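Novice: I would like to see how this sequence folds:
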Amino acid sequence: MLYENLIASVIEEKLKNLKNIKDIQCSDGNWNVDPYMHGMANGIILSESIFTEEDPKFLEAPERWLDAK
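Specialist: Now for the predicted structure:
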């Protein structure tokens, strides 16, 4: 039982860290800079959804990337 509680707390902490990373990556001015950062954000969203077993809500590409010249 102690081992199972330890595993659950580790997973909970890792999921909390993943959510924080997702919040940063999905912030305006980060995910919409270029296609790479957009893909990174959607990859993190997918990773979180695997743990939570929820449908991922992917970010659509913007009409124009922030780094577009």
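Novice: helices of the protein, start to end?
Specialist: Assigned helices in the chain, in chain order: 2-25, 35-52 (criterion: DSSP state H).
Novice: tabulate those helices (a markdown table), appending mean neighbour count.
Specialist: C-beta coordinates here come from the backbone N, C-alpha and C atoms, glycine included. Shown next, in a markdown table, are these (neighbours: other Cβ atoms under 10 Å):
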| stretch | mean neighbour count |
| --- | --- |
| helix 2-25 | 11 |
| helix 35-52 | 15 |
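Novice: what distance separates stretch 24-37 from the centre of its chain?
Specialist: Computed by Cα atoms, centre = their mean, to the nearest Å, the chain-centroid distance of stretch 24-37 equals 11 Å.
Novice: quick thing: my sequence starts at 224, can you match it?
Specialist: From this message on, residue numbering opens at 224, which makes the last subject stretch 247-260.
Novice: give me the residues contacting that stretch.
Specialist: For stretch 247-260, the external contacting residues (Cβ atoms under 8 Å, 6 or more residues apart in numbering) are His261, Met263, Ala264, Ile267, Ile268, Leu282, Ala284, Pro285, Trp288, Leu289, Asp290.
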